[in-house]
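Engineer: all I have is the shape, not the residue letters:
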């Protein structure tokens with residue numbers, strides 16, 4: 001088969017990308033040895049396609065004790081009554097040269113130090129809770145963690161920055177669009193890396209603006225973040241507060257029954273019950289994606305965080 005015939009044949013085939021996206025191969029870019037160098041979409045659209053890096057939000061499981069996430073998990077806020085316990089991590093691994101973009105939303109005077117950013121090879125869902133109080137030195141003293149403090153003068157409300165890891169394992173920073181700065185070296189490229197952000201000191205709130213990866217033929221960008229948590233009726237509750245878990249400890253009958261045991265026991269109860277199947281006291285006000293209304297608001301935080309499935313039908317949330 002001639003090269004021209006081969007290109008004609010390939011031009012009619014769809015190229016399957018991750019997710020539900022497909023893209024037809026252009027005849028001028030169908031050389032089999034160069035498929036990985038196909039032109040990328042460079043428009044402002046971040047819809048799922050060849051140029052899409054996937055959604056990037058903060059992980060809702062591994063949160064510092066004083067952190068509150070917005071409903072779309074893009075904004076992380078720390079209590080102003082303390083300077084620490086502000087750790088958050090990205091919801092997925094970040095690629096080499098994928099630049100994570102942040103904006104400082106709020107800051108307060110009175111504390112020393114400010115935002116810290118970096119990467120880790122430890123998956124957020126594999127971490128034990130509660131998290132350490134600070135990224136530096138609590139986590140950076142542990143293998144698999146790299147972080148750099150940002151100067152206070154660069155962390156006023158409205159300041160924007162981006163950070164990424166190069167192919168040489170170097171952590172770079174760029175603040176307010178100025179030239180990049182080499183922060184540190186030696187980041188492990190042999191394992192997936194999650195972005196790590198410590199909302200520390202004077203920094204009390206940051207917004208995750210997304211990410212982008214500059215490649216030879218264009219720019220790849222992260223998807224827009226989902227607008228809502230995987231709950232259907234949380235319009236009256238604009239945030240997920242890690243501290244709400246403390247209010248769910250009463251469901252354990254004086255500590256004699258674990259939450260898992262309670263869920264297993266209640267899964268066989270009537271699905272039409274008006275009471276939460278965990279605490280058996282408050283009204284079941286939260287409707288899950290599967291359609292079951294079986295949890296009160298307080299218990300739903302812990303169930304989603306620790307199990308991630310409906311207690312009745314076990315459908316993932």
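Structural biologist: Cool, got the structure. Treat the numbers as computed from the prediction; the structure is a model and nothing was measured.

Engineer: hang on, residue 275 packs against residue 295?
Structural biologist: No - Residue 275 lies out of contact with residue 295 (CB atoms under 8 Å); the separation is 10.0 Å. Any C-beta I mention is one placed from the backbone N, CA and C, and that applies to glycine too.

Engineer: among those two, which residue is more densely surrounded?
Structural biologist: With neighbours defined as other CB atoms under 10 Å, residue 275 and residue 295 compare such that residue 295 has more, 28 against 16.

Engineer: what sits closest to the more buried one if chain neighbours are left out?
Structural biologist: What sits nearest to residue 295 in space, not counting adjacent residues and going by CB to CB, 6 or more residues apart in numbering, is residue 286, at 4.6 Å.

Engineer: pretty sure the one you found sits against residue 300.
Structural biologist: Yes - counting by CB under 8 Å, residue 300 is a contact partner of residue 286 at 4.5 Å.

Engineer: which of the two has more neighbours?
Structural biologist: Legend: neighbour count by other CB under 10 Å for residue 286 and residue 300, higher for residue 300 (26 against 23).

Engineer: still on that earlier bit, give me the pLDDT for the residue nearest to residue 295.
Structural biologist: pLDDT for residue 286: 84.

Engineer: point out where the stretch 101-250 of the chain drops to low pLDDT.
Structural biologist: 225-250 (pLDDT under 70).

Engineer: all helices for the stretch 201-317 of the chain, in order.
Structural biologist: 259-266, 297-306 (DSSP state H, counting those that start in this stretch).

Engineer: mean pLDDT for the ones you listed: which is lowest?
Structural biologist: helix 259-266 (a mean of 48).

Engineer: quick one, what contacts the nearest residue to residue 168 once chain neighbours are set aside?
Structural biologist: Once flanking residues are discounted, residue 168 sits nearest to residue 185: 7.7 Å by CB to CB, 6+ apart. Neighbouring residues of residue 185 by CB atoms under 8 Å, 6 or more residues apart in numbering: 168, 169, 170, 171.

Engineer: now those: which count as buried?
Structural biologist: Buried residues within the contacts of residue 185, counting neighbours by 16 or more other CB atoms under 10 Å: residue 171.

Engineer: of the contacts of residue 185, which belong to helices?
Structural biologist: With DSSP state H as the criterion, helices contain none of these.

Engineer: in a markdown table, list the contacts of residue 185 along with distance to residue 98.
Structural biologist: Compiled in a markdown table, these are given as follows (distance: CB to CB, whole Å):
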| residue | distance to residue 98 |
| --- | --- |
| 168 | 15 |
| 169 | 14 |
| 170 | 14 |
| 171 | 13 |
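
Engineer: from the contacts of residue 185, which land in strands?
Structural biologist: residue 171 (DSSP state E).

Engineer: can you list the domains in this protein?
Structural biologist: 3-38, 55-223, 239-306 (automatic domain parsing).

Engineer: and residue 216, how far is that from residue 223?
Structural biologist: Residue 216 is 22 Å from residue 223, where distance means CB to CB, to the nearest Å.

Engineer: and these two? Which one has more around it.
Structural biologist: Applying other CB under 10 Å to residue 216 and residue 223 shows that residue 223 carries more neighbours, namely 18 against 7.

Engineer: number of residues surrounding the nearest residue to residue 127 once chain neighbours are set aside?
Structural biologist: Excluding its sequence neighbours, the residue lying closest to residue 127 (CB to CB, 6+ apart) is residue 62, at 4.8 Å. Residues lying near residue 62 (other CB under 10 Å) number 25.

Engineer: shared neighbours of residue 275 and residue 295, anything?
Structural biologist: residue 284.

Engineer: re earlier: against residue 95, how distant is the residue nearest to residue 127?
Structural biologist: 20 Å.
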